[in-house]
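[1] Requesting a structural model of the entry that follows:
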Amino acid sequence: MSTTLTPPGSTPESTPEPAAEATTAPARLPAVRRFAAGAWLPRLVTLLAAIPVATTLRDVANSGRLQHLDYLFQLWRVTNPDGSLKAFDLRNYLSNEHILGLPTLLYWINIKLFDGDNRTLGVFVVAVAVATVVALGLALPRTLPPLVRAGLVVAASALMFSPHGLWNYTRAMSGTAWLTANLIVVVALLFAVRGKWWPAWALAVLGSLSYATAFAAWPVLALIAFARREPWWRRLLPLVVGGSLVLVWMAYRPSAPLAGQPTSDPAGMLYYFLAIVGKLWSVDSGAVAAMAGVVVLGVYLAIASSKVAREPRMWFWWALAGHGLLGAGMITAARVDYGGEIGMSTSRYTSVSVLLAVPAIVLLATVVHRRLPARAYQVTAAVVMVGLLGFALGGRAGSEERAANTEHFVEAVAIRGGFSDAYRRYPPADELAPRLRALGHYPFTDDFTLGCGGPELGSTLDTDAMTALPPALGNKVPDHPAGAVEWTEPAQPDPFYDGKRVPVFHGWAADATDPVRCVVVADPRGTVVGGGVSGQTRPDIAFQYAGIIPNTGFTVIGPIESGSRIVVIHESGAMRWLPAQVPQNNQPR
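    Predicted coordinates:
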């Protein structure tokens, strides 16, 4: 017989509790590890790639319906005044030094199906970019764990859809050419590294007929043939075909537009080149972009010494980087005369920086995973963070592009009203308008509206029902409706429409109790002859007059004469007016 002694102050039931916790905790760990090593975690990580796509689709949906400048020139070149296509002439398909063959076909399809809507073309461009990310995902080496591959897909999506390059989606005519050519080149290189030469060459031809940056694919295809030790004719054929296309392009291309800061300085060219390479990693500083470009190129030089990075399964990534590098060189040669910072203000160039960034990330992640004792989740977290950084750095560029797209509607009013010559950068109004009208192309569609919920171009307003809109005095909050016309562009508008001046008016209008619905331009008889956008953000007005909401700005265009008015229409239907006059102190604020 044995006796169990229990210490004073304790109970027998207290003894097994730690053992129960010890068995429960380890039981959870294998489940967590199985989940981390299974197929579901990579799938869930891959779903994160949809977030940048969704944000871009939102921006496309909120962009304007009117197409942008180069598109309208291209349409003007290939159509007759009755909307029919001109007889084929290669010169008509050259725009800004690019052979826009395939893009013009896509523009035409969009006209026939969707009245030339910029937004539907933008959805197409998003689909092209998604296909590019999918193609890059399929090209990832299978030696990488599924979780790392998922992280690389997320990073590629974040960079591909960074707001840095929002221009290509919301100005869809540009992305239709540029990003389509990029996708074609990506697929062509995938065929080439697998020895599928005829599809690769056919796609390279198609890419060259889409955008001139695809010319850079031909020497890269020749290098791949050399690396694969293909027969000599396969090594030389890309150089012959690519060179022939360049010669044809040189024979037919239009003269380059006038440049603002011509230079042949090697230092200036190097600065521009590095800024294009690193553009993705800067907010608005060419110097920072150039430094980032040095880092990107340094990554390539560093990993070139690794046997892992030089394996045949990695050749596609080197080929894509080579294409991006040649593309950056082509842009430098063609655009350096515009000044070193033009690459910063032109966000479509971001796509070249993306084509250089993604291969660098893939190559580096592969080398790190194979050579260093890093776990899959660590490499995945690192590449996702890099993609997140590239996406976040585009925030400012995205905001600027959204603001520009909002004001773009003013140009739609000018085209519809027949006074787009006032912008001095469109095809002649008397030639552009008939083409668009014959094609049923926006803004010559039945659903075009000024957004006022009532008055449209040609409507008549009762001038006797209008009251003058007084200015705000001092820096106090106005206790009455107030507003002002502040400046116009151009500063001294010339007569462009039936002997009348057609300025673009910028100003603000606010009423604390009766919000502004819209702003229009009316002639002395009250006929609505112009309009634009209202509700623009003006933080300077909100700061100057504390209590006024920031969304008080407006931008309108219309032909004016003596007695013309800018009419502010409120939600209640009340109408107040400002004189349609060019201010004496006519300086943008």
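[2] Check the closest residue to residue 334 other than its chain neighbours and give its pLDDT.
    Spatial nearest neighbour of residue 334, chain neighbours left out: residue 97 (6.7 Å); criterion: C-beta to C-beta, 6 or more residues apart in numbering. (Glycine included, C-beta is placed from N, CA and C.) You'll see residue 97 listed with a pLDDT of 74.
[3] so residue 97 makes contact with residue 213?
    No. Contact between residue 97 and residue 213 fails when scored by C-beta atoms under 8 Å: they sit 10.6 Å apart.
[4] Settle it for me: which of the two has more neighbours?
    residue 213 (26 against 16; other C-beta atoms under 10 Å).
[5] isn't that one right up against residue 330?
    Yes. Assessed by C-beta under 8 Å, residue 213 is found in contact with residue 330 at 6.3 Å.
[6] mean confidence score for stretch 319-331?
    94.
[7] so how far is that stretch off the chain centroid?
    20 Å (C-alpha atoms, centre = their mean, to the nearest Å).
[8] please renumber so the chain begins at 712
    Okay, residue one is now 712; in that scheme the one you just asked about reads as stretch 1030-1042.
[9] Can you list the residue ranges for helices in the stretch 1062-1211 of the chain?
    For the stretch 1062-1211 of the chain, helices defined by DSSP state H, counting those that start in this stretch occupy the ranges 1087-1103, 1106-1118, 1120-1128, 1140-1150.
[10] Please identify the buried residues of the last one?
    Buried residues in helix 1140-1150, counted by 16 or more other C-beta atoms under 10 Å: 1140, 1143-1148, 1150.
[11] Show me the contact partners of it.
    The contact list for helix 1140-1150 (C-beta atoms under 8 Å, 6 or more residues apart in numbering) reads 783, 786-787, 790-794, 822, 827, 1126, 1129-1132, 1137, 1152-1155.
[12] And residue 825, how close does it get to residue 767?
    Computed as C-beta to C-beta, to the nearest Å, the residue 825 to residue 767 distance reads 19 Å.
[13] Of the two, which one has the most company?
    Each of residue 825 and residue 767 has its neighbours counted (other C-beta under 10 Å); residue 767 has more, 27 against 17.
[14] Excluding chain neighbours, what is closest to that one?
    In space, and not counting its chain neighbours, residue 767 is closest to residue 872: 4.7 Å by C-beta to C-beta, 6+ apart.
[15] That neighbour and residue 1105 touch, don't they?
    No. The criterion here is C-beta under 8 Å, and residue 872 misses it with residue 1105 at 9.0 Å.
[16] Pick out the residue closest to the middle of the protein.
    With the centre of the chain defined as its mean C-alpha position, the nearest residue by C-alpha atoms, centre = their mean is residue 877, 1.9 Å away.
[17] And for the residue nearest to that residue when sequence neighbours are not counted, the neighbour number?
    Spatially, and ignoring its direct neighbours in sequence, residue 877 is nearest to residue 1112 (4.5 Å; C-beta to C-beta, 6+ apart). Neighbourhood size, residue 1112 [other C-beta under 10 Å]: 23.
[18] ok, residue 1112 - contacts?
    874, 877-878, 881, 1058.
[19] how much space between it and residue 1061?
    Counting by C-beta to C-beta, the gap from residue 1112 to residue 1061 is 11 Å.
[20] quick one: low-confidence parts of the chain?
    For the chain, applying pLDDT under 70 flags the ranges 712-749, 807, 965-975, 1048-1057, 1187-1188, 1298, 1300.
[21] Let's see that with 50 instead.
    For the chain, the stretches flagged by pLDDT under 50 are 712-726, 730-734.
[22] Where is the longest strand in it?
    Identified as the longest strand of the chain according to DSSP state E is strand 1239-1248.
[23] Just the buried residues of that strand, please?
    1239-1247.
[24] That one pairs with which strands, and in what direction?
    Strand 1239-1248 has the following sheet partners, assigned by DSSP bridges: strand 1227-1233 (antiparallel), strand 1262-1268 (antiparallel).
[25] Mind checking those for the one nearest to residue 897?
    Set against residue 897 and scored by C-beta to C-beta, the strands paired with strand 1239-1248 come closest in strand 1262-1268, at 39.7 Å.
[26] Beyond the closest one, next helix or strand please.
    strand 1276-1281 (DSSP states H and E).
[27] Tell me which of the strands paired with strand 1239-1248 sits most buried.
    Comparing the strands paired with strand 1239-1248 by mean neighbour count (mean count of other C-beta atoms under 10 Å), strand 1227-1233 ranks first with a mean of 25.
[28] Please put the alpha-carbon coordinates of it into CSV.
    Below are the C-alpha coordinates for strand 1227-1233, written out as CSV (Å, rounded to 0.1, in the frame of the first residue of the first chain):
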residue,chain,number,x,y,z
VAL,A,1227,-23.0,74.3,-57.4
ARG,A,1228,-24.4,71.8,-59.9
CYS,A,1229,-22.5,72.9,-63.0
VAL,A,1230,-21.0,75.9,-64.8
VAL,A,1231,-21.7,76.9,-68.5
VAL,A,1232,-20.8,79.7,-70.9
ALA,A,1233,-23.7,81.7,-72.3
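[29] what distance separates it from the centre of its chain?
    30 Å.
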